[in-house]
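1. Coordinates for the following, if possible.
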Amino acid sequence: MRRTRIPAVLSLTLALMAALPAGAAEREVVPAPGALATAIAEARAGDVLRLAPGTHDGPVLIDKPLTLDGNGKAIVKGPGTGSVITVDAPETIVAGLTATGSGLSHETIDAGIKLTRNARGARIVGNRILDNLVGVDVRGASDAVVTDNLIEGRRDLRLNERGNGIYAWNASGLIAERNTIRYGRDGVFVNASHNNAFRHNLFEEVRFAVHYMYGNQGQITGNVSIGNDVGYALMFSNRLTVTDNASLGDRNHGLMLNYANSATISGNLVRGGGEKCLFMYNANKNAVEGNRFEGCPIGIHFTAGSEQNAFSGNAFVGNKTQVKYVGSRNLEWSKDGRGNFWSDHAAFDTDGNGIADAVYRPNDMIDQILWTQPAAKLLIGSPAVQLLRWTQTQFPALLPGGIVDSAPLMHAPAPTPSSAGAKE
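-> Numbers count the residues shown, from 1 in each chain. Reported below is the predicted structural model:
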């Protein structure tokens, strides 16, 4: 298994500390029973608590603006109940420490680090948050920053018993970037939280890398999901921007849009999915442009009345079924004279303009029969089926409704998603 190295955070910590109130005191806290809780109680707003190497007792409550700095060597260990570190004050910094030993209550959402609604502008920087139910619970704290952390959940629990790596509830303006998240239920779970940004994170061994529910105007950029059940599950949310992400070998779907509307889905790479590169269910008015969907059993499954979506500049490469769509209408998948690249489209470009001379239709009548009547697969090699498919190519009027690309591309666009900023 790959080893994860926490990136250096000294310069970032110094920059954050520069904004502390003048006259803030620094105090070293040595490991001793109750010493950390006592130091927090005695500190004044703006003070910096330097944790000496070793194990410090948790749980602790930070109820005034402080900086808790572990310098990469201090451990704060909880007793196995509740949250290890609870931040209940604005502009607090927790940096460079290991937080472990939370409880397992989903009712109270026990976490390695919990930010309450009073923790406005809190910064969680460069920590190791290990073996807790939830890694970081952002519970109503606006404008928080969670960056450069290693978050690993409880491997001794079954997947559905685990908590999320980062749980954002009603946390507007949250920024989470360059984190490595493993072994949780969902890497990031967003619930009723708007204007969040998730950038350059790495997700492995979770259910959903990013699970977005009832959150609007979020940004999901430059993340990498490897070997999870679903890469990016976007549900009941509007106006999301999903760009330059990668889904590599995720088992079910690389991208899933379920009642997600007016999103921009661009520059993403989905490769080697176990089922569908992109699944769209009742998702409307989305722009899907410049993505690469490669090596999936189904490139895109498009269903349940999804309307007014625009597809152009995408590359569909080596998918067993490029598009699965059952419908009676023709849906045009090109925009401003530019369609998509289809690896199974045998066509010429006699004028050299990069656009194939022949229209592309990914599905025919036989496909629709097979999707609605799976038992008909027994006849797929029969002369009658082959004759019907040939006849449809000669007489397009016989084709059913479905996807039509009137300007298919001759060359595949090659999106280059940003690699995750989390360090290996």
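2. tell me which residues in the biggest strand by length in the chain are buried?
-> In the chain, with assignment by DSSP state E, the single longest strand is strand 67-77. For strand 67-77, the neighbour count (16 or more other Cβ atoms under 10 Å) marks Thr67, Leu68, Asp69, Gly70, Gly72, Ala74, Ile75, Val76, Lys77 as buried. Every residue, glycine included, has its C-beta placed from N, CA and C.
3. next structured bit after that strand?
-> Downstream of strand 67-77, the next assigned helix or strand under DSSP states H and E is strand 85-87.
4. circling back: which among the buried residues of strand 67-77 gets closest to Asn258?
-> Val76 (38.4 Å; Cβ to Cβ).
5. how near is Arg120 to Asn261?
-> As defined by Cβ to Cβ, to the nearest Å, Arg120 lies at a distance of 30 Å from Asn261.
6. what's the answer for Arg329, then?
-> Counting by Cβ to Cβ - Arg329 and Asn261 are separated by 20 Å.
7. Verify the stated contact: Gly101 with Val60.
-> No: using Cβ atoms under 8 Å, Gly101 is not in contact with Val60, being 11.8 Å away.
8. anything in contact with each of these two?
-> Each of Val84 lies in contact with both Gly101 and Val60 under the rule Cβ atoms under 8 Å, 6 or more residues apart in numbering.
9. thinking again about what came up before, quick one: strands adjacent to the longest strand of the chain?
-> Paired neighbours of strand 67-77 in the sheet (DSSP bridges): strand 48-51 (parallel), strand 54-57 (parallel), strand 93-100 (parallel).
10. what's stretch 63-72 in contact with?
-> Contacts of stretch 63-72 (Cβ under 8 Å, 6+ apart): 6, 13, 16-17, 20, 40, 43-51, 53, 62, 76, 85, 88-98, 126-127.
11. For it, C-alpha coordinates in CSV please.
-> Taking C-alpha atoms only, stretch 63-72 is exported to CSV below (Å, rounded to 0.1, in the frame of the first residue of the first chain):
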residue,chain,number,x,y,z
ASP,A,63,-14.1,28.0,23.1
LYS,A,64,-11.9,31.0,22.3
PRO,A,65,-9.8,31.9,19.2
LEU,A,66,-6.6,30.0,19.6
THR,A,67,-3.9,28.3,17.6
LEU,A,68,-3.2,24.6,18.5
ASP,A,69,0.1,23.7,16.8
GLY,A,70,1.4,20.1,17.1
ASN,A,71,4.5,20.7,14.9
GLY,A,72,3.9,17.3,13.3
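12. Quick one: neighbours of the nearest residue to Ser312 once chain neighbours are set aside, just the number.
-> Residue nearest to Ser312 in three dimensions, not counting chain neighbours: Lys335, with 3.9 Å by Cβ to Cβ, 6 or more residues apart in numbering. When neighbours are defined as other Cβ atoms under 10 Å, Lys335 has 15 of them.
13. for the one 3 residues further on, same thing?
-> Around Arg338 sit 15 other residues, with neighbours defined as other Cβ under 10 Å.
14. surely it meets Ser312?
-> Yes: taking Cβ under 8 Å as the definition, Arg338 is a contact partner of Ser312 at 5.3 Å.
15. any idea how far Ala89 is from Pro65?
-> Counting by Cβ to Cβ, the gap from Ala89 to Pro65 is 5 Å.
16. neighbour count winner among these two?
-> The neighbour count for Ala89 versus Pro65, taken as other Cβ under 10 Å, is higher for Pro65 (22 against 19).
17. measure that one to Pro90 for me?
-> To Pro90, Pro65 is 6 Å away according to Cβ to Cβ.
18. Please apply the same query to Gly112.
-> Applying Cβ to Cβ to Gly112 and Pro90 gives a distance of 20 Å.
19. So for these two, which residue has more residues nearby?
-> Gly112 (34 against 17).
20. So what does the more buried one have for phi and psi?
-> phi -60, psi -50 (degrees, to the nearest 10).
21. and the helix or strand that contains Val136, what other elements does it pack with?
-> In this assignment (DSSP H and E), Val136 forms part of strand 134-139. Packed against strand 134-139 by the contact rule (3 or more Cβ pairs under 8 Å, 6 or more residues apart in numbering; DSSP states H and E) you find strand 111-115, strand 150-153, strand 166-169.
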